[in-house]
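A.B. asks: Here's my sequence, what's the structure:
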Amino acid sequence: MLAGFDPRGTTDRSWRSFVDEVGGQVDLGKAAHRRAVTGLLRAWGCRHLRVADDAMTTRALGSWWRSSGALLPPTRRQLTDLDEAALARVGRAYDGLATRPAAHHVRGNRAITVTFGNTAASKALCMVRPRAFPPWDVAITHAFGWRAPGGNEYVEYLRGGAQALRDLSRRLGVPVADLPAVLGRPSSSPARIVDEFLWLRLTRGR
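C.D. replies: Numbers count the residues shown, from 1 in each chain. Prediction:
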């Protein structure tokens, strides 16, 4: 169940509301699920996805899902279970979403089309497959030296996260699946542990 993965601890009401809307698995073939993902993206800071452009954004999610949904791993696949073939498919799916026109930015009297972009693409992937995909943001990508990241960089990020989890698993002497409980984050997945650490360390500077 998606309900087992709280992105910022049990206080994230937007995540709990999202889980209530979509249930155990996100299916972007359903209009209600596309609206739920769009709403959570805004709640998670993707303000370029304007409410006024909701129809455009949800249509873009639907078209991406039809073209790229099959590239994603099964729902229960963990980050550390992704082999190189799966990672290559994820990179293509990521690029297909990040570069897809999703909304408009109003500048003066002109409406300029904007894409989902890197942060929103990673967060949407996290919503669809929370066990496999940690999100990132600008602070994280810049800390890794990526100023204009794409699918290749996201795949590198996933590789690094998976290796970090394996290394930590060996040091602590517990399976990767048990890391969230050992670290006091039982409502998170191992992939979300990667996100939570980087978010606190790099985004919040703690």
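A.B. asks: can I get the CA coordinates of the worst-scoring helix or strand of the chain on mean pLDDT in PDB?
C.D. replies: Evaluated with mean pLDDT, DSSP states H and E, the helix-and-strand set of the chain has its lowest mean pLDDT in helix 13-22, which scores a mean of 84. Extracted in PDB, the C-alpha atoms of helix 13-22 (Å, rounded to 0.1, in the frame of the first residue of the first chain):
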ATOM      1  CA  ARG A  13      -1.300  15.600   5.400                       C
ATOM      2  CA  SER A  14      -1.000  16.200   1.600                       C
ATOM      3  CA  TRP A  15       0.500  12.700   1.300                       C
ATOM      4  CA  ARG A  16      -2.200  11.100   3.400                       C
ATOM      5  CA  SER A  17      -4.900  12.800   1.400                       C
ATOM      6  CA  PHE A  18      -3.200  11.600  -1.800                       C
ATOM      7  CA  VAL A  19      -3.200   8.000  -0.500                       C
ATOM      8  CA  ASP A  20      -6.800   8.300   0.400                       C
ATOM      9  CA  GLU A  21      -7.600   9.400  -3.200                       C
ATOM     10  CA  VAL A  22      -5.600   6.800  -5.100                       C
END
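A.B. asks: Next, work out how far apart the most far-flung residue of the chain relative to its centre and residue 132 are.
C.D. replies: Of all residues in the chain, the one whose C-alpha sits farthest from the chain's mean C-alpha position, using CA atoms, centre = their mean, is residue 109 at 33.3 Å. Applying CB to CB, to the nearest Å, the value for residue 109 to residue 132 is 43 Å. Quick note: C-beta positions are derived from backbone N, CA and C, even for glycine.
A.B. asks: ok, now residue 153?
C.D. replies: To residue 132, residue 153 is 17 Å away according to CB to CB.
A.B. asks: With residue 13 instead?
C.D. replies: From residue 13 across to residue 132, the span is 24 Å (CB to CB).
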